[in-house]
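A.B. asks: okay, sequence plus prediction incoming.
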Amino acid sequence: EYMMSGSTAKFRVGELIHHNLFDYRGVVVDVDATFDGTKEWYDTMARSRPPKEEPWYHVLVHGAEHSTYVAERNLESDPTGEPITHPVLDQFFAELHDGVYVSHRASH
């Protein structure tokens, strides 16, 4: 598991995830130990009111052009292990290796 200042994140950068509520696949590009957005964003976007004190993830959405900010409790590991299609994927990762995306730094 990926350790961060007191809390443990279930997923790490490069892992493929599946969103339980909205049924999309994606890849984690950043992890926050706790919610790091604005109250306005949370009130508008986080309709299921997930806990702010648990890890949140920045996720590139498969087959789309945007990224999302998602609470850990709404995510599960993506069972397919299939590659992600996203226009900025190459800015973050070099390749998919054993079902996990590897960053350019880590692949050398």
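C.D. replies: Yep, it's here.
A.B. asks: and the strands in the chain?
C.D. replies: Secondary structure of the chain (DSSP state E): strands located at 2-4, 7-9, 16-19, 25-32, 56-61, 67-71, 75-77, 93-97, 100-103.
A.B. asks: against which helices or strands is the fifth one packed?
C.D. replies: So the one you mean is strand 56-61. In terms of contacts (3 or more C-beta pairs under 8 Å, 6 or more residues apart in numbering; DSSP states H and E), strand 56-61 is packed against strand 16-19, strand 25-32, strand 67-71. C-beta coordinates here come from the backbone N, C-alpha and C atoms, glycine included.
A.B. asks: returning to what we had before: what's the least confident stretch among the strands of the chain?
C.D. replies: Least confident of those, judged by mean pLDDT, is strand 2-4 with a mean of 52.
A.B. asks: quick one: closest of the strands of the chain to Thr38.
C.D. replies: Among the strands of the chain, the nearest to Thr38 by C-beta to C-beta is strand 67-71 (10.8 Å).
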